[in-house]
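Visitor: Sequence first, predicted coordinates after that:
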Amino acid sequence: MFLSPQDRQALRRSLRIYRIGLPLAAILLVPGFLRRMVRRGGYEAHFGQRFGAFTQEVSTRLQAHTWTWIRSISVGETLVALKLAKALRAASPQIRIALSVTTSTGYALAEKEACDWLFVFYNPIDSRRAVQKVLDLLKPERLVLVEGELWPNLLDACLQRDIPVMLANARLSPRSARRFAKARTWTAPFFNLLRWVGIPDPEDGPRWESIGFPSERLVLTGSIKFDQDAAGEPAVEPLRSLLIHPGTPEDAPLLVAGSTHDGEEAWLVSRLPIWRQKHPGLRLLVAPRHVERVPELLRELAPLGAKIQLRSALPSGDPWDVLLLDTTGELRAWYSLATIAFIGKSLTAHGGQNPVEPALAGKPVVFGPHMQNFESVVRLLLDAGGAVQAGTPEALEAVLSQLLDDPERCDALGKHALNALHVHQGAARKTAQLILQSPARG
């Protein structure tokens, strides 16, 4: 990649600052990261990969082929990465993809799809030694970052080896854009190492330009998350059977609360008796954003009197009012079975979670006032009449009650949501073509 002398000087300056600050940041951040790893579990397996250490068997396999490296983070980004990987394989049947993830939950999801052409491993830490060891092993033709997280040592190592780096399905919230804009002198040299950035919406362009990224390298691809063409059909029927229980009507309503945060679960469970006065068969499925919170939630929700069951314990034969989703990779399928979907991190926390999966399932989507991290899709859904936003807990309680009383409105909301997201269909295929058309390592 060509960089002017001025660009190289700016990059060297930013790298020096980053490398000086990295040990201090590690001291401050690593303990919290390790605690999260322990809570989530599964961190022992393949732990050495985070430092570039692989078994001889794996090393032999990797060295025998040419790879495209897709770098993901957690479950949400991994779902996008898997869609993109399949689109790349469809467009180029000989391609081999090495997909890396950061979290154990993301790894578990990706590992289910691993095969001869898709190798799954953990992201190396951003030390020069770990990054160099992985690059020595993979010798990737290209590196595709999914949604976010630019690691300077990794970017610099790719620059030295002439490995093109691109950012697919880029996510840059207004808050992040403001932070990067304030530090533009130091952060812009790293963003400048990207060959191109694929943005989901036209509204994303000005934010990327505000942090110093050249407009001519922005490509409107649509959102892979919203791309139903690449999603495939979720495995709904095995889960549908789990809802059947003596005494519960087959058409009993199901409220699915996805990616919930602290305080939202207790609020929903405490309102369940109110909604059940008119809808006695109503049940609630709660999918906490961080599955490691499940033991804590069991203790928190116990005094509320609801019959709570863990998804991992089904089928158990015991009736339940509230199902806690303590497994990964199923939420999309549960949304397909929902009567109404509530989006977490929008009521008692800020930022919101992604409302696309229930919208693509044709379900009425409801969220609280705090959806700042997904402004573009929220505006799209609201303008199309495909979602309802409630400004207060009281308003949310009323909205959910009204929707439970009005199946026709629920159907209309779901249809409007599907129509609104239609513009993003084919995003994975378009992004895959863009990747393949970009010059590879040379």
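Guide: Thanks, I have the structure now.
Visitor: Spatially nearest residue to L347, not counting backbone neighbours?
Guide: Spatial nearest neighbour of L347, chain neighbours left out: G368 (3.5 Å); criterion: CB to CB, 6 or more residues apart in numbering. Quick note: C-beta positions are derived from backbone N, CA and C, even for glycine.
Visitor: In contact with the one you found, which residues?
Guide: Contacts for G368 (CB atoms under 8 Å, 6 or more residues apart in numbering) come out as 343, 346-348, 352, 389-391, 393, 396.
Visitor: Let's see which of those end up in helices.
Guide: Among these, the ones falling in helices (DSSP state H) are 393, 396.
Visitor: which stretches of the stretch 151-300 of the chain form helices?
Guide: Applying DSSP state H, counting those that start in this stretch to the stretch 151-300 of the chain gives helices spanning 152-160, 174-182, 184-191, 204-210, 237-243, 264-276, 294-301.
Visitor: now the angle from the last one to helix 264-276?
Guide: Going back to what we said before, that points to helix 294-301. Angle, helix 294-301 to helix 264-276, by axes from the mean of the first three to the mean of the last three CA atoms, to 10 degrees: 50 degrees.
Visitor: Show me the shaky parts of the stretch 201-350 of the chain.
Guide: Across the stretch 201-350 of the chain, residues meeting the criterion (pLDDT under 70) sit at 230-232.
Visitor: Repeat the analysis, applying 50 as the threshold.
Guide: Along the stretch 201-350 of the chain, the model assigns pLDDT under 50 to no residue.
Visitor: now the strands for it?
Guide: All strands of the stretch 201-350 of the chain, identified by DSSP state E, counting those that start in this stretch, fall at 218-220, 254-260, 283-288, 308-310, 322-324, 340-343.
Visitor: ranking those by burial, who's on top?
Guide: strand 340-343 (a mean of 27; mean count of other CB atoms under 10 Å).
Visitor: now it: how far from the chain's centre is it?
Guide: Strand 340-343 has its C-alpha centroid displaced from the chain centroid by 17 Å (CA atoms, centre = their mean, to the nearest Å).
Visitor: neighbours around S210, how many?
Guide: Residues contacting S210 under the criterion other CB atoms under 10 Å number 15.
Visitor: That should have said S127, apologies.
Guide: 19.
Visitor: Same check on R299?
Guide: Neighbours of R299 using other CB under 10 Å come to 8.
Visitor: quick one: it from E149, how far?
Guide: From R299 across to E149, the span is 33 Å (CB to CB, to the nearest Å).
Visitor: So what are the structural domains in the chain, by residue number?
Guide: 5-12+50-227+426-437, 237-423 (automatic domain parsing).
Visitor: just so I know, which of these lies nearest R35?
Guide: Smallest distance to R35 across these (CB to CB): 9.8 Å, for domain 237-423.
Visitor: Next, the distance between the ends of that closest one.
Guide: 28 Å (CA to CA, to the nearest Å).
Visitor: helix/strand/coil for V366?
Guide: Three-state assignment for V366 (DSSP: H, G, I helix; E, B strand; the rest coil): strand.
Visitor: Give the burial count for it, as a bare number.
Guide: Neighbour count for V366, taken as other CB under 10 Å: 23.
Visitor: What is the neighbour count of I199?
Guide: Using other CB under 10 Å, I199 has 24 neighbouring residues.
Visitor: What residues does it make contact with?
Guide: Taking CB under 8 Å, 6+ apart, we find I199 in contact with 170, 205, 208, 218-221.
Visitor: cool, F367 as well?
Guide: Contact analysis of F367 by CB under 8 Å, 6+ apart lists 342-343, 346-347, 352, 355, 378, 387-390.
Visitor: which residues does it bridge with?
Guide: Counting by DSSP bridges, F367 forms beta bridges with I343, Q389.
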